[in-house]
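**Student:** Sharing a model prediction with you, sequence too.
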Amino acid sequence: MIEQVGSVGNKLNCRKKLLFIISPLALVHELLYNMKNEREKDDVHMKNVRKGIWLICCALLLLLCLLIAGCSQGGGSGAARQTITILSANYEELVPDQIAFLKSKFPDVEFTITCLSSGNLAAKVQAEGKDTEADILYSLSSSYASVLEKADLIRAYTPGSEYLPEYADPNNVRVPNGVWCGAILVNTEEMPKLNLPEPGSYQDLLNPVYKGHIVMSNPLSSSTGYFFLLGILNLYGEEAGWKYFEDLRENIMQFSESGSGPASMVEFGECAIGLGIDYQGIELQESGKPVKVLFAEEGAPYDNDTILLVKKDAEPSELLQDVLKAMTSAEGNAVFNDYSKSVLVGGVDNAAYPADFKVLDMSGIDDADKKVALLETWSEKFE
């Protein structure tokens, strides 16, 4: 967890000021106590001294009361600051830039961003319900967002941008952020070492020559794994689609827990082929890593992630709505959308795609009931 903290210094200043006032009061108290026990000859003089000391004491007490009142209100800042809590299904290394952007817009607000996997994030919010401390859910896939919408745990808000119709939610509950696609990633050093041909299609991946060389993320824990599952079932139909995965399993080295697992393993030569995320492969390829991005001739599966407002008993504050507008503005999207394809009207993709690039039919990607049913079948067959 990366957290922005802004009130500690103000609390310390209040303590220093209180000590500055309390210390003289303690000395005055000791002086009065000693004087009470002394017998002085000049009673008139001592009465005047006592009167002066009492006046000083009263002034210090008044000052102390004013100071305590000021500190209880945050000393003018800090303690009265509001905190916005964000749960993210994206990568922790992105958090500093995201908090920097938010702080530039809302300098008096504290932001806490906690990163979890998509499955764990959704499960956490489902378990906590409206009692969750989270205010905003960021980068959760549309399929998980649909699950939360059906459970009445998220609500509509007014975003800061217009969206392409294929990604837009007319109700503005599942507000899109970016699009990521599935790709076949290969390690350009391991492939020739193992004398493996480059696969050009999903059918190619069934070739026994690839046995033990393919990594795919697990649909049970990864949105990326799920869109490969759904896309191929839509492509071949359920019966032939499930048969495809039964055959593919013979060549699978590992089902990774996260969607980033295949790209990472391909990068370091831990496997030769990974069914991974396009933008991760593109970044690795462009940075000179031994990674090549291939798109299956049948088409690429895809999904969009979201920025969601958690539904609670109280109405969302004006501040919270302003933060969401900032995150979903074109400027905010440039910070929070780290994917290669844009969801904005007039937006520009962050990478060049092949001229023959196409996508799979992803009907049902936002159907929560369908997802539950498919994952139950997956679990029965492969877990």
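**Tutor:** Yep, it's here. Numbers count the residues shown, from 1 in each chain.
**Student:** Can you list the residue ranges for strands in the protein?
**Tutor:** 2-3, 83-88, 110-115, 136-141, 154-155, 175-187, 214-217, 252-256, 273-277, 291-294, 302-310 (DSSP state E).
**Student:** and these, which one's lowest on average pLDDT?
**Tutor:** Among the strands of the chain, strand 2-3 carries the lowest mean pLDDT, at a mean of 42.
**Student:** follow-up on the earlier one: what's the closest of the strands of the chain to D356?
**Tutor:** Closest approach to D356 among these is made by strand 291-294 (11.9 Å; CB to CB). The C-beta positions use only the backbone N, C-alpha and C, and glycine is treated the same way.
**Student:** Identify the residues contacting that closest one?
**Tutor:** If you take CB atoms under 8 Å, 6 or more residues apart in numbering as the criterion, strand 291-294 is touched by 183-188, 198-200, 263, 266-267, 278, 281-282, 284-285.
**Student:** cutoff 10 Å now
**Tutor:** Residues outside strand 291-294 that contact it (CB atoms under 10 Å, 6 or more residues apart in numbering): 181, 183-189, 191, 198-201, 204, 263, 266-269, 273-274, 276-286, 351, 353-354.
**Student:** which residues touch the nearest residue to F106 once chain neighbours are set aside?
**Tutor:** Closest residue in space to F106, ignoring its immediate chain neighbours: V323 at 6.4 Å, by CB to CB, 6 or more residues apart in numbering. With contact taken as CB under 10 Å, 6+ apart, V323 is in contact with 82, 84, 86, 102, 105-106, 109, 111, 135-136, 309, 316-317, 332.
**Student:** for Y236, same thing?
**Tutor:** Each residue near Y236 by CB under 10 Å, 6+ apart is listed here: Y202, Q203, W242, K243, Y244, F245, E298.
**Student:** From Y144, how far off is the last one?
**Tutor:** Applying CB to CB, to the nearest Å, one obtains 25 Å for the distance of E298 from Y144.
**Student:** Could you do L235 as well?
**Tutor:** 22 Å.
**Student:** and the two? which has more neighbours close in?
**Tutor:** Y144 (28 against 17; other CB atoms under 10 Å).
**Student:** returning to that earlier point: format the contacts of V323 as CSV; extra columns: neighbour count and distance to L121.
**Tutor:** Shown next, in CSV, are these (neighbours: other CB atoms under 10 Å; distance: CB to CB, whole Å):
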residue, neighbour count, distance to L121
Q82, 14, 23
I84, 20, 16
I86, 23, 11
L102, 23, 19
K105, 15, 24
F106, 17, 23
V109, 18, 22
F111, 24, 17
D135, 23, 14
I136, 22, 12
L309, 21, 15
P316, 17, 19
S317, 12, 22
G332, 23, 20
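**Student:** Any chance of the residues you listed in TSV with distance to F227 as columns?
**Tutor:** Below are the contacts of V323 laid out as TSV (distance: CB to CB, whole Å):
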residue	distance to F227
Q82	36
I84	30
I86	24
L102	29
K105	33
F106	34
V109	35
F111	30
D135	27
I136	23
L309	24
P316	30
S317	35
G332	25
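**Student:** ok, those residues vs Y163, which is closest?
**Tutor:** Nearest to Y163, judged by CB to CB, of the contacts of V323 is G332 at 13.5 Å.
**Student:** so who does the closest one touch?
**Tutor:** G332 touches 98, 101-102, 105, 159-161, 177, 307, 323-326, counting by CB under 10 Å, 6+ apart.
**Student:** of all those residues, which comes closest to L374?
**Tutor:** Closest to L374, out of all of the contacts of G332 and judged by CB to CB, is N177, at 23.8 Å.
**Student:** Point out where the chain drops to low pLDDT.
**Tutor:** 1-81 (pLDDT under 70).
**Student:** can you tell me which residue is nearest the centre of it?
**Tutor:** In the chain, the C-alpha nearest the mean C-alpha coordinate belongs to S88, at 1.4 Å (CA atoms, centre = their mean).
**Student:** contacting residues around that one?
**Tutor:** 2, 94-95, 98, 113-116, 121, 136-140, 336.
**Student:** 8 Å instead, please
**Tutor:** S88 sits in contact with L94, V95, I113, T114, C115, L116, L121, Y138, S139, where contact means CB under 8 Å, 6+ apart.
**Student:** Between those, identify the one with the most neighbours.
**Tutor:** S139 (26 neighbours).
**Student:** Chain neighbours aside, what residue packs nearest to that one?
**Tutor:** N90 (3.9 Å).
**Student:** Using TSV, please lay out the contacts of Y236 together with neighbour count.
**Tutor:** Putting the contacts of Y236 into TSV (neighbours: other CB atoms under 10 Å) gives the following:
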residue	neighbour count
Y202	21
Q203	14
W242	18
K243	12
Y244	19
F245	20
E298	17
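**Student:** Cross those residues against helices and list the overlap.
**Tutor:** W242, K243, Y244, F245 (DSSP state H).
**Student:** could the residues you listed go into JSON lines alongside distance to S363?
**Tutor:** Formatted as JSON lines, the ones in helices among the contacts of Y236 follow (distance: CB to CB, whole Å):
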{"residue": "W242", "distance to S363": "17"}
{"residue": "K243", "distance to S363": "20"}
{"residue": "Y244", "distance to S363": "18"}
{"residue": "F245", "distance to S363": "18"}
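**Student:** Am I right that D135 is in contact with Q82?
**Tutor:** No - assessed by CB atoms under 8 Å, D135 is found out of contact with Q82, at 9.8 Å.
**Student:** one step back: if we compare the strands of the chain, which one ends up closest to G364?
**Tutor:** Using CB to CB, the nearest of the strands of the chain to G364 is strand 302-310, at 11.3 Å.
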